[in-house]
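Chemist: What shape does this take:
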Amino acid sequence: MDKTKPYHLHFGGLKPGMHHYTYAIDESFFELFEESEVKSGQIGVDVQLEKKEGMQILDFNIKGTVHLHCDRCYDFYDQPIKGNEQLIVKFADTVGEDEEVVFLPFETKQINLAPYLYEYIHLLIPMRRIHPDDDTGHPTCNPAVLDKLEHLSTHKTMDERWNVLKTLKNSQKKKDSSTSK
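Modeler: Numbers count the residues shown, from 1 in each chain. Presented below is the predicted three-dimensional model:
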């Protein structure tokens with residue numbers, strides 16, 4: 001059984017013109033993708049399909065939140081995401097993909113949007129994932145973790161292996177200076 005079936009968009013039999021679809025993305029969607037770093041979220045996706053002769057233009061409007069680990073304290077937080085994407089579907093003798101164009105066989109009557117939704121959602125996630133700051137400009141991360149990070153950054157300890165290397169270096173300098181005399 002195809003678990004992505006709820007995300008299949010059937011365009012066979014549609015009349016040319018504009019058609020509107022909505023999708024609600026939640027935990028069940030992210031469970032379809034084992035490799036996903038996002039495990040939950042609440043995202044609404046509006047898809048505007050413009051059916052034309054020999055092609056279809058899909059405009060995606062994505063808005064919601066994803067539940068992520070903070071890069072600073074590793075606690076979960078909700079990251080708002082919002083964006084628009086476009087996918088052009090053309091019909092041809094060969095199957096393939098370009099940057100924004102998907103080529104499907106002429107007899108195709110549907111397209112599975114799940115991989116595209118997955119990609120678009122992940123592209124909207126910022127590279128740096130941290131809790132938002134509060135009204136005073138301070139991070140809302142786990143205070144215990146922030147205290148520990150502060151303690152570690154102000155109390156840097158020297159790795160003892162470096163001291164051994166410095167001793168070797170100093171003894172080599174002494175040896176070199178005594179042989180050059």
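Chemist: List the buried residues in the host helix or strand of Leu117.
Modeler: Assigned by DSSP states H and E, Leu117 belongs to helix 114-124. Using 16 or more other CB atoms under 10 Å as the test for burial, helix 114-124 gives Ala114, Tyr116, Leu117, Tyr118, Tyr120, Ile121, Leu124. Quick note: C-beta positions are derived from backbone N, CA and C, even for glycine.
Chemist: in this structure, which ranges drop under the pLDDT threshold?
Modeler: Residue ranges of the chain with pLDDT under 70: 1, 155-158, 178-181.
Chemist: okay, now the domains of it?
Modeler: 5-124, 143-179 (automatic domain parsing).
Chemist: Could you tell me the end-to-end distance of the first one?
Modeler: With CA to CA, to the nearest Å as the measure, the ends of domain 5-124 fall 24 Å from one another.
Chemist: Next, the contact list for Ile25, please.
Modeler: Contact analysis of Ile25 by CB atoms under 8 Å, 6 or more residues apart in numbering lists Gly41, Gln42, Ile43, Gly44, Val45, Gly64, Leu117, Ile121.
Chemist: Can you tell me how far the residue lying closest to Asp26 once chain neighbours are set aside is from Gly54?
Modeler: With CB to CB, 6 or more residues apart in numbering as the criterion, Asp26 has its nearest non-adjacent residue at 6.1 Å, and that residue is Gln42. Look at Gln42 and Gly54: by CB to CB, to the nearest Å, they are 37 Å apart.
Chemist: Between the two, which is the more surrounded one?
Modeler: Gln42 (14 against 9; other CB atoms under 10 Å).
Chemist: How about the secondary structure of that one?
Modeler: strand (DSSP: H, G, I helix; E, B strand; the rest coil).
Chemist: Export the domains of the chain as a markdown table, with columns for distance to Ile130.
Modeler: Below are the domains of the chain laid out as a markdown table (distance: least, CB to CB, whole Å):
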| stretch | distance to Ile130 |
| --- | --- |
| domain 5-124 | 5 |
| domain 143-179 | 11 |
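Chemist: Please identify the deepest-packed of those domains.
Modeler: Of these, the one with the most neighbours on average (mean count of other CB atoms under 10 Å) is domain 5-124, at a mean of 15.
Chemist: can you map out the helices along this protein?
Modeler: 27-30, 114-124, 143-154, 160-179 (DSSP state H).
Chemist: Let's have those helices in CSV, adding distance to Glu107.
Modeler: Converted to CSV, these look like this (distance: least, CB to CB, whole Å):
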stretch, distance to Glu107
helix 27-30, 28
helix 114-124, 21
helix 143-154, 56
helix 160-179, 67
